[in-house]
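S.K.: Here's my sequence, what's the structure:
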Amino acid sequence: MKKAILFPGQGSQSVGMGRDFYDAIPECKALFEKANEVLGYDIAAICFDGPEEELKKSHNTQPAIFTVSAAAFEAMKLKKPMNFDYAAGHSLGEWGALYAAAAISFEDTLRVLKVRGEFIQAACIANPGAMLAVINLDRSVLEKIAGETGVTMANINSPDQIVLSGTAEGIAKAEGLCKAAGAKRALPLPVAGAFHSPLMAPAAEKMAAFLKDIPLAAPTIPVLSNVTGKPHESVEAIRANMVAQITGSVRWVESMQWLAAQGVTEALECGPGKVLAGLMKRIDKTVSVSNIGAISDLEA
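M.R.: Okay, the predicted model is just below:
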């Protein structure tokens, strides 16, 4: 019986997240204090008290979700230690997976995510775009629609949920085509721009330069890459894949199917929300996912 640890991405945040870890476990409080020091502002206050509009800004959301996920990981190690065979994370969560596998330090992960959020925010302003969540439409149909409208299949989250990303004009056309093709729902997302699309190329270029100076090590367990759906093959592959991830598709379905094919039957979603547990139910029900997003989850 093999186990995987999973880390959530943007969209899993909520005001108040992480406060109970901070209050109950000194080691978790120390992580938040270290995060404040590294970032140069009070990320703990933004996690605990918001306001929501501030928490939703990418340059805050990304280090905030990671810090809470790291606190949950620390709490698990202290209170209910478990061993894992694989790690994976959704978009920014892949950095959490690399941290959990000792490929990067807590401090350097924060530095990366702070600038990642800033680079992406700047790219959103320079290259405005939009995203569309499509429910219950065959992938082959979506691929055709994406080709016709010039948009990208950004997040392949589950067999029945794929997110398109691109220019506002392209997404508007895709929305109409998806509805005409029989999609159960086609929902424009309240996001700042076209994440995981070529419109994020300026952010990827800046990240490539930034990562050259960030120390990375070989992971202690295999960490799955969003852009390949399989484990990173080397430290240099991590650098390349984490740059490609900014403009590339999140191949979550393939990643989770790969884990199941390796014999993974249990997974732990470590951090705020239960998005990944919900997706797994629609990808492969033979893999059960539990969550650690609060102290009460550890007790359960």
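S.K.: what does stretch 104-111 contact?
M.R.: Stretch 104-111 is contacted from outside by 31, 34-35, 38-39, 63, 66-67, 70, 95-96, 98-99, 112, 214-217, using C-beta atoms under 8 Å, 6 or more residues apart in numbering. Backbone N, C-alpha and C define where each C-beta goes, glycine included.
S.K.: Going through those, which ones are buried?
M.R.: 31, 35, 38-39, 63, 66-67, 70, 95-96, 98-99, 112, 214, 216 (16 or more other C-beta atoms under 10 Å).
S.K.: out of those residues, which one sits closest to Glu266?
M.R.: Each of the buried ones among the contacts of stretch 104-111 was scored against Glu266 by C-beta to C-beta, and Gly96 proved nearest at 18.4 Å.
S.K.: distance of the closest one from Ala123?
M.R.: 22 Å (C-beta to C-beta, to the nearest Å).
S.K.: Just the CA trace of stretch 28-46, in PDB.
M.R.: Extracted in PDB, the C-alpha atoms of stretch 28-46 (Å, rounded to 0.1, in the frame of the first residue of the first chain):
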ATOM      1  CA  CYS A  28       4.000  26.100  13.400                       C
ATOM      2  CA  LYS A  29       4.000  29.600  15.000                       C
ATOM      3  CA  ALA A  30       7.700  29.700  14.300                       C
ATOM      4  CA  LEU A  31       7.100  29.000  10.600                       C
ATOM      5  CA  PHE A  32       4.600  31.900  10.300                       C
ATOM      6  CA  GLU A  33       7.100  34.200  12.100                       C
ATOM      7  CA  LYS A  34       9.900  33.000   9.700                       C
ATOM      8  CA  ALA A  35       7.600  33.700   6.800                       C
ATOM      9  CA  ASN A  36       6.900  37.200   8.000                       C
ATOM     10  CA  GLU A  37      10.600  37.800   8.300                       C
ATOM     11  CA  VAL A  38      11.500  36.400   4.800                       C
ATOM     12  CA  LEU A  39       8.700  38.200   3.000                       C
ATOM     13  CA  GLY A  40       9.100  41.500   4.900                       C
ATOM     14  CA  TYR A  41       5.500  41.800   5.800                       C
ATOM     15  CA  ASP A  42       2.900  40.100   8.000                       C
ATOM     16  CA  ILE A  43       1.600  37.200   5.900                       C
ATOM     17  CA  ALA A  44       0.300  35.600   9.100                       C
ATOM     18  CA  ALA A  45      -2.100  38.500   9.600                       C
ATOM     19  CA  ILE A  46      -3.300  38.300   6.000                       C
END
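S.K.: any idea of the mean pLDDT for it?
M.R.: Average pLDDT, stretch 28-46: 97.
S.K.: And stretch 90-102, by the same measure?
M.R.: pLDDT averaged over stretch 90-102 gives 97.
S.K.: gap between Ile214 and Asp42?
M.R.: On the measure of C-beta to C-beta, Ile214 and Asp42 end up 24 Å apart.
S.K.: again with Gly182
M.R.: Distance, Gly182 to Asp42, using C-beta to C-beta: 48 Å.
S.K.: Have a look at the two and say which one is more surrounded.
M.R.: Asp42 (14 against 10; other C-beta atoms under 10 Å).
S.K.: got the buried residues for stretch 282-293?
M.R.: Buried, per 16+ other C-beta under 10 Å, within stretch 282-293: 283-284, 287, 289, 291-293.
S.K.: In helices, which of the residues you listed fall?
M.R.: Ile283 (DSSP state H).
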